[in-house]
Every structure is written in structure tokens, then in C-alpha cells.
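Participant: Sequence first, predicted coordinates after that:
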Amino acid sequence: MSLFWIVIRQLAEIEAMAMSKKVITREEWEKKLNDVKIRKEDMNKLVMNFLVTEGYVDAAEKFRMESGTEPDIDLATITDRMAVKKAVQCGNVEDAIEKVNDLNPEILDTNPQLFFHLQQQRLIELIRNGKVEEALEFAQEELAPRGEENQSFLEELERTVALLAFEDVSNCPVGDLLDISQRLKTASEVNAAILTSQSHEKGDKL
């Protein structure tokens, strides 16, 4: 069968599938939602899960007292976890690494990808602050050996070091690494790893 007819057949199948899907009205949808029964206890657990995961320690404590819903981790650990997350978000990666190791040294020992991403973020911060020589030395000593062992790490390292090749990083192809979103991404990864180490879901169920 020619490529043309294969494409035509696939398009026909897609169209048939689309036509077969039943379209419901807004009223029908709202009725289906109203028919769903959720126990208050289950809803309270979802709310507590969200508060714990996102780090709202004061709200979680207040909700625990008001609803009687017990969190599945010690609320005191939330403050330490949020301190790590905030350190990464502020670009203080070395401080974040120290805090993680104080919480649980095994987190970074058993998660090479997370450790690489934290070291990568350290490199990004050096470049952001214009410390070119220090950045090159850090990349060579700390990240290059890991890149030799892992192809994906090497690609990420090459992409990060490429920032040094542009005077105006705001218009370079890898300029997104300097966006605040990159810090948030790394902070979220650290947060998830700490939660997992505490036997808690790495993402909120809501």
C-alpha cells in the first residue's frame, strides 16, 4: 500500500473516531458532577495533602486543628523543606545542597540526576553573576566528569556552557536557562525528592 493511501486511511479513522464521540450539554455535565459523591473525610485528606505538599505549614496546622485531619508527615519538616526550596529559588544553590544533606544525605547520594541539576544550577548562577573563569573551572571539575558518564548530562552541560558564547544572553538560543522558570524547575525537583524521601507523594493530589 502506498504512503498516500496509508495517510488517507489514518485520516478516515481519526474522523470516524471524532464523529463517534458523544457530545454532552452543559446541563448534562453538571448533572453528572452532582451525581458524584465525595466523602468529607476524603476531601479533607486532599486539602491536607495539598497544604503539606505546597509547604503551607501554618495553614496545615490550622486545618488539622479544625478538621481533625492528620497529615502523613511531621509538619515541622515542612519548614526545613521550604527553606531548601527558597534557597534554590533565590539562586543560593550551595546553601540548598547543605540544607538537603542536613535533612537526609541519602537524597543526593541516591539521586544523581537531582545532584547534577543542582550543580548545573550552580553553574548557571556563576554565569549569571559574570564569574566566567570560575564558571569554566566549576564546569570542568564538577560537571564534565558526570557528563562523560551520562549522555543526557553531557548535552545539558554543553547547552549551559553555551551561555558563555553570547554577549547578549537575552537573545541567545539557550537564554531560557537564565529565566526564573529554570530556578523554579530545579526547586520543584528538589521539593519532590525530599517529599519522596519522607514517604509522601511528590505532587499534590489536587
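Facilitator: The structure has been received and is ready for your questions.
Participant: need the helices for the protein, in chain order.
Facilitator: 3-20, 26-35, 40-54, 57-67, 76-89, 93-103, 106-109, 112-128, 132-138, 144-149, 151-161, 180-197 (DSSP state H).
Participant: Output those in TSV; the columns should cover mean pLDDT.
Facilitator: Putting those into TSV (pLDDT from 0 to 100) gives the following:
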stretch	mean pLDDT
helix 3-20	54
helix 26-35	76
helix 40-54	87
helix 57-67	91
helix 76-89	92
helix 93-103	96
helix 106-109	96
helix 112-128	97
helix 132-138	95
helix 144-149	92
helix 151-161	94
helix 180-197	94
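Participant: Of those, which is nearest S170?
Facilitator: For S170, the closest of the helices of the chain is helix 112-128, at 11.9 Å, according to Cβ to Cβ. C-beta: built from backbone N, CA, C; applies to glycine.
Participant: thinking again about what came up before, right, and the helices of the chain - which one's nearest V174?
Facilitator: Nearest to V174, of those and by Cβ to Cβ, is helix 151-161 at 5.3 Å.
Participant: mind listing what's buried in that closest one?
Facilitator: Residues of helix 151-161 classed as buried: F153, E156, L157, T160, V161 (neighbour count, 16 or more other Cβ atoms under 10 Å).
Participant: Next: stretch 136-150.
Facilitator: Those would be F138, A139, L143, R146, G147, for stretch 136-150 by 16+ other Cβ under 10 Å.
Participant: Check the spacing between the closest residue to the last one other than its chain neighbours and V161 real quick.
Facilitator: To tie it back to what came earlier, the one meant is G147. Spatial nearest neighbour of G147, chain neighbours left out: L154 (3.6 Å); criterion: Cβ to Cβ, 6 or more residues apart in numbering. L154 is 11 Å from V161, where distance means Cβ to Cβ, to the nearest Å.
Participant: Which neighbours do the two have in common?
Facilitator: Common contacts of L154 and V161 (Cβ atoms under 8 Å, 6 or more residues apart in numbering): none found.
Participant: What's the separation between V190 and L163?
Facilitator: On the measure of Cβ to Cβ, V190 and L163 end up 22 Å apart.
Participant: Comparing the two, which residue is more hemmed in?
Facilitator: Between V190 and L163, V190 has the larger neighbour count (other Cβ atoms under 10 Å), namely 27 against 19.
Participant: one step back: turn the buried residues of stretch 136-150 into CSV, columns for distance to V88.
Facilitator: Formatted as CSV, the buried residues of stretch 136-150 follow (distance: Cβ to Cβ, whole Å):
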residue, distance to V88
F138, 17
A139, 19
L143, 17
R146, 19
G147, 21
